[in-house]
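Q: Sequence below, structure please.
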Amino acid sequence: MQPSIMSRTDMRHYSSKLMAAFLLFAFSSQAGSVDRQDAEPSLCFDGRGSVCEVALAAAIGQADEYDGTKVMVVGYLAEFQNELRLYLSEDARLVGDVASSVLVTGINAETTTQLGRQAESYVRITGFVVTLKDRDWDRTSIVVERAFTLMRPENRDRVRAIQRESELKS
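A: Numbering: from 1, shown residues only. Next comes the predicted model:
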């Protein structure tokens, strides 16, 4: 069960658990490795460490399977109650579908600042899925290494026009 509002003490407790969990993954010899037998090989690739490109819905819905895995996901980044969350879409954000979103936090202060500047846009995020469980709640987060802005909502019509032109030329 996940409470909708956490006290400052709970948030500090959660933040320290999140950082401890991330450090455990970051410094373990298997950080970023994809050990799951059911992972589709076409979605996982080697580059600077193993990364699995997954749908955000899968990372949220199957968080236990991706726990500790380095993933690449796409979603709409927005602030909700002083937290940055990655939503499935801008519409999900507009209707307040927090259950279909995931908390995102930077791996360091610089990354967190960069994420804040990218809020209210579609982004591609690379980071580690971390699921913390407590007696009364569990919470999934993505600890972000990198984030790239893909599209801001005000550019949607322009992007669609470029796509149509490209389709007509094909």
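Q: Can you tell me the strand partners of the helix or strand hosting V74 and which way each runs?
A: Mapping V74 onto the secondary structure by DSSP states H and E places it in strand 70-80. Using DSSP bridges, the strands paired with strand 70-80 are strand 49-53 (parallel), strand 83-87 (antiparallel), strand 121-133 (antiparallel).
Q: Pull out the buried positions in stretch 70-84.
A: Neighbour-count burial for stretch 70-84 flags 70-78, 84 (criterion: 16 or more other CB atoms under 10 Å). All C-beta atoms are positioned from the backbone trio N, CA, C, and that covers glycine.
Q: actually stretch 111-131, sorry about that
A: 111, 114-115, 118, 121-123, 125-130.
Q: For burial, what's the neighbour tally of K133?
A: K133 has 12 neighbours, counted by other CB atoms under 10 Å.
Q: where's it relative to D67, distance?
A: For K133, the distance to D67 equals 10 Å [CB to CB, to the nearest Å].
Q: and if you look at Q163?
A: Using CB to CB, Q163 is found at 36 Å from D67.
Q: try R164
A: Taken as CB to CB, the span from R164 to D67 is 41 Å.
Q: Neighbour count: the two, which is higher?
A: Legend: neighbour count by other CB under 10 Å for R164 and D67, higher for D67 (16 against 10).
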